[in-house]
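Using only what follows, build the 3D model:
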Amino acid sequence: MIRVVVVDDHELVRYALRTSLESEHDMCVVGEAACGEDALMLLETAEPDVVLLDLHMPGIGGLEACRSMLDAWPQLKVIILTSYDEDDEIFGVLSAGAVGYLMKDTSPSALVESIRNVFEGQTVLDSAIARRVIHGTPGVESDDPGLSEREMDVLAIMARGASNREIARALWISEPTVKTHVSHILRKLGQGDRTHAVVDAMRRGLVHPPTPTE
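Take a look at the predicted model:
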């Protein structure tokens, strides 16, 4: 079961999300919170796999809550689910480690599929947000990081959330070779982990992010 926590200051939104998610055979909502402070306390006992996090809430906002969550639980998958699409907020939460940014008008089926995708290691963005990430914002690096053709092949498959084993099978190379390529990709992009490397590659236009299935 994919364990989900819903964080939103509107009770009706939380109810709708819980009802939708708990109708799925592979998901359960293990907690709800109306603000960032309550969410951080809840995570200590709820032990979720995925958090659906609103951005604008009383007290600790979504960006600060996202940073605090991932500092304490780096394995957590955070999806921002919001009505706001300001560039500062989008790139702020992605830089903080969120692996999804969806708008609240996302269809229930697309939201469910997005939760499954991030649980499997993918980054999922609303289609309009994805276009803005690809085109970047002022100050975002756009220079060629100097990836080899094979490194680009590895990066493209890595962006779909594939494991080293899956990449090795797709490219007919060994897992140690994949690990070497991934290490080179992280170094050339100046990133410390795969998620941030993929987000940075999206900003540079090197790969196209997966979008939720409508």
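
which stretches of this protein aren't confidently modelled?
131-143, 209-214 (pLDDT under 70).

middle-most residue in it, spatially?
Val99 (0.8 Å; Cα atoms, centre = their mean).

Quick check: phi and psi on that one?
phi -110, psi 10 (degrees, to the nearest 10).

before we move on, what about Glu47?
Torsion angles, degrees, to the nearest 10, at Glu47: phi 50, psi 60.

Make residue 1 into 25 and carry on from there
Fine by me, first position is 25 from now on; the one you just mentioned is Glu71.

quick one: contacts for it?
Glu71 makes contacts with Arg27, Val54, as judged by Cβ atoms under 8 Å, 6 or more residues apart in numbering. For glycine as for every other residue, the C-beta is placed from the backbone atoms N, C-alpha and C.

That one and Gln99, how far apart?
To Gln99, Glu71 is 10 Å away according to Cβ to Cβ, to the nearest Å.

next one: Gly214
23 Å.

When the two are compared, which one has more neighbours?
Gly214 (11 against 6; other Cβ atoms under 10 Å).

quick revisit: in contact with the residue nearest to the centre of the chain, which residues?
Here Val123 is in contact with Lys101, Val102, Ile103, Val142, Gln146, Thr147, Val148, Thr219 (Cβ under 8 Å, 6+ apart).

how about the helix of greatest length in the chain as CSV, C-alpha atoms only?
Ordering each helix of the chain by length in residues (DSSP state H) puts helix 199-213 first. This file holds the C-alpha atoms of helix 199-213, laid out as CSV (Å, rounded to 0.1, in the frame of the first residue of the first chain):
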residue,chain,number,x,y,z
GLU,A,199,24.9,-2.0,-13.9
PRO,A,200,28.4,-0.9,-12.8
THR,A,201,28.7,0.9,-16.2
VAL,A,202,25.3,2.6,-15.5
LYS,A,203,26.5,3.7,-12.0
THR,A,204,29.6,5.2,-13.6
HIS,A,205,27.5,7.1,-16.1
VAL,A,206,25.1,8.3,-13.4
SER,A,207,28.1,9.5,-11.3
HIS,A,208,29.4,11.5,-14.3
ILE,A,209,25.9,13.0,-15.0
LEU,A,210,25.6,14.2,-11.3
ARG,A,211,29.1,15.7,-11.4
LYS,A,212,28.6,17.5,-14.7
LEU,A,213,25.2,18.9,-13.7
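
Can you give the distance of stretch 186-198 from its chain's centre?
22 Å (Cα atoms, centre = their mean, to the nearest Å).

which parts of that stretch are buried?
Ala186, Asn188, Glu190, Ile191, Ala192, Ile197 (16 or more other Cβ atoms under 10 Å).
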